[in-house]
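Student: The amino acid sequence is not available; the structure is as follows:
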């Protein structure tokens, strides 16, 4: 809301680093349809993996964690949530599925946002679908255990009007097309988080709305690559850039570009990963062993066979196991534990 005030975005010059990021993303977007016409089996597997990773990562950012076994059961919709964490994860799964299947028919209005929030909490005792009824703050816990207030969002009493204004700004700018779409999306998300309209669930709602807005502008990468997982892997930068871009927000003097650089970097990383997976499949269709080796050599830090299975969704379990044995024998990797979920690390 405050980032849109006085047509601030329309009148600001765009830094060159932001322009370059947008240009690179749009290059990938231009190749998107080509990839979507190829390798339907792989794309279907990527969809399955993405929705699991997104559900897990977006909740994990907020400290909501369950075992991989239970997560898989929940994602297959063949179990009843056993506790609050499982209930919140199940709710996220359902809203995510709604966006993936019906994004064309979903307007971004206060009522829709409230409905999403209601569905996010439909499996837990917390009442969803209502704006916050008490003021909240965004706190950070220091290494010594002390808490300090990083940002004070709008008060509960100001929130309903602020959300109306924010959605009206978005609708107006989408119709007038005077703001670059990716800048519009990132700024909407920043203002949503600065209002912090709910007692709980603001981060997850922001990430769901990000996906919906990307769909609205035909950026479909979030269907195949988990944007939430990339955010989770860089969550220190996620919080730091949100913090920097929220300074002066109440006065309309904040600098949105710290956050936008991060947001665009995340989206670019998702498109690169998408091309790596689908492009590699197309170029190396007949050499699945090669692709497993490529996946292993490109991963950072420790990894599991599950990570490689996700990176090579059309490669059989037996091929992955064989390549792992070969790489271990060659001294390229070593195992760090025992069992199916053991971690591995690269030595070369």
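Tutor: Arrived safely. The model shown is predicted, which means the values in this text are computed figures rather than measured ones.

Student: and the host helix or strand of residue 174, what does it pack onto?
Tutor: Under the criterion of DSSP states H and E, residue 174 resides in helix 159-176. Applying 3 or more CB pairs under 8 Å, 6 or more residues apart in numbering; DSSP states H and E, one finds that helix 159-176 contacts helix 110-120, helix 181-195. All C-beta spots, glycine's among them, are computed from the backbone N, C-alpha and C.

Student: Single out the most deeply packed of those helices.
Tutor: helix 181-195 (a mean of 23; mean count of other CB atoms under 10 Å).

Student: what angle do that helix and helix 110-120 make?
Tutor: With axes from the mean of the first three to the mean of the last three CA atoms, to 10 degrees as the criterion, the two stretches helix 181-195 and helix 110-120 enclose an angle of 70 degrees.

Student: helix or strand right after helix 181-195?
Tutor: Using DSSP H and E, the first helix or strand after helix 181-195 is helix 202-216.

Student: Report the mean per-residue pLDDT for that next one.
Tutor: Average pLDDT, helix 202-216: 98.

Student: ok, and what's touching the next helix or strand after that helix?
Tutor: Going down the chain from helix 202-216, the next helix or strand is helix 227-233, by DSSP H and E. If you take CB atoms under 8 Å, 6 or more residues apart in numbering as the criterion, helix 227-233 is touched by 53-58, 60-61, 207, 210-211, 214, 221, 238, 266-267, 269-270, 273.

Student: Any of those residues buried? List them.
Tutor: For the contacts of helix 227-233, a burial check counting by 16 or more other CB atoms under 10 Å picks out 53-58, 60-61, 207, 210-211, 214, 221, 238, 266-267, 269-270, 273.

Student: can you tell me which of those are in helices?
Tutor: If you go by DSSP state H, the buried ones among the contacts of helix 227-233 have 53-58, 60-61, 207, 210-211, 214, 238, 266-267, 269-270, 273 in helices.

Student: chain center to the helix or strand where residue 95 lies: distance?
Tutor: Secondary structure assigned from DSSP H and E places residue 95 in helix 84-102. Shown here is helix 84-102, whose average C-alpha point lies 14 Å from the average C-alpha point of the whole chain (CA atoms, centre = their mean, to the nearest Å).

Student: tell me which residues of it are tucked away?
Tutor: Neighbour-count burial for helix 84-102 flags 85-96, 98-100 (criterion: 16+ other CB under 10 Å).

Student: Then stretch 41-54?
Tutor: Buried residues in stretch 41-54, defined by neighbour count with 16+ other CB under 10 Å: 42, 43, 45, 46, 49, 50, 51, 52, 53, 54.

Student: got those residues as CSV, with distance to residue 229 and pLDDT columns?
Tutor: Compiled in CSV, those are given as follows (distance: CB to CB, whole Å; pLDDT from 0 to 100):
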residue, distance to residue 229, pLDDT
42, 18, 80
43, 18, 86
45, 16, 84
46, 13, 89
49, 10, 90
50, 8, 93
51, 11, 94
52, 10, 93
53, 5, 93
54, 7, 96
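
Student: residues contacting residue 288?
Tutor: When contacts are counted by CB under 8 Å, 6+ apart, residue 288 is found next to 312, 314, 315, 316, 319.
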